[in-house]
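> what shape does this take:
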Amino acid sequence: MANRVGPRGLMFLAAEKHIGERDKFIESEIALWIEAILEDCIPPKPFDELLKDGVLLCRAINVLKPGSVSKIQKPWTKDKHMENVNSFLTAAKSFGVPDDKLFKAEDLVEMSNIPAVTNCLLTIARMCFDKGWDGPTLGPKPTGQKRNWSEQQLRASEAIVPSQYGTNKFATQRGIKIGTQRDILPAVKVDLKLPKKEPTVEQPVIV
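Residues are numbered from 1 along each chain as shown. A predicted model of the protein is given here:
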């Protein structure tokens, strides 16, 4: 069996653009979470290869919201992969995932933007807490506590200058001299010329 060829051309450049944003730990945690939801062992494959056909995603969303995907296509061709992923995205939107948290089917099928896929799945995992899901969870449970600050409390700190911004109440520069003193008076050129001495003539001595 020939080895699979990875993305090439523009697909390869798009995958390289997002490769630095991937978190292998988060991807493995999501895979374990899906396995726990399905209560079934999933094959040991890379994260993108595992979800590329959309089968596991459709099965997982059907557990979280029964009947979300009425028919899961057999993953024999790329077109079937696209159908499954699009079915999952439709179900995720009906589950309550915002549009800005959804990914495009090409992001997963062509493996061009896997971080968008993980972001969508993490959003679904967080929403499970709000919907009262009592099955396996992913990540910490939100506290749900929101404090309502008054306008006076929000503006109270505007008059406070933190210490790291600087203060003139403690340290001074008294006694510190760096370099030479600046001369603020105009320079006056003084030409000191001594008067010329007249040559002395010796007088004859009269005896």
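> so for stretch 94-110, what gets flagged as buried?
For stretch 94-110, the neighbour count (16 or more other CB atoms under 10 Å) marks 95, 97, 101, 102, 103, 105, 107, 108, 109, 110 as buried. C-beta here means a position set from N, CA and C on the backbone, and glycine is covered the same way.
> show me those residues that map onto helices.
Applying DSSP state H to the buried residues of stretch 94-110, the entries found in helices are 95, 105, 107, 108, 109.
> OK, contacts around the closest residue to the fourth one other than its chain neighbours?
Counting by CB to CB, 6 or more residues apart in numbering, residue 108 lies nearest to residue 117, which is 5.1 Å off, once chain neighbours are set aside. Residue 117 is in contact with 48, 51, 103, 107, 108, counting by CB atoms under 8 Å, 6 or more residues apart in numbering.
> now do residue 53 against residue 43, distance only.
According to CB to CB, to the nearest Å, residue 53 stands 11 Å off from residue 43.
> more crowded one of those two?
In this comparison of residue 53 against residue 43, neighbours counted by other CB atoms under 10 Å, the higher total goes to residue 53 at 24 against 7.
> now that one: phi and psi?
Torsion angles at residue 53 (phi, psi; degrees, to the nearest 10) stand at phi -80, psi -10.
> contacts only, for the nearest residue to it once chain neighbours are set aside.
Taking CB to CB, 6+ apart as the measure, residue 53 lies nearest to residue 75, with 3.4 Å between them; neighbours along the chain are not counted. When the contact criterion is CB under 8 Å, 6+ apart, the partners of residue 75 are 53, 54, 55, 81, 84.
> I'd like the average pLDDT over the helix or strand hosting residue 57.
Per DSSP states H and E, residue 57 falls inside helix 55-64. Taken as a whole, helix 55-64 has an average pLDDT of 95.
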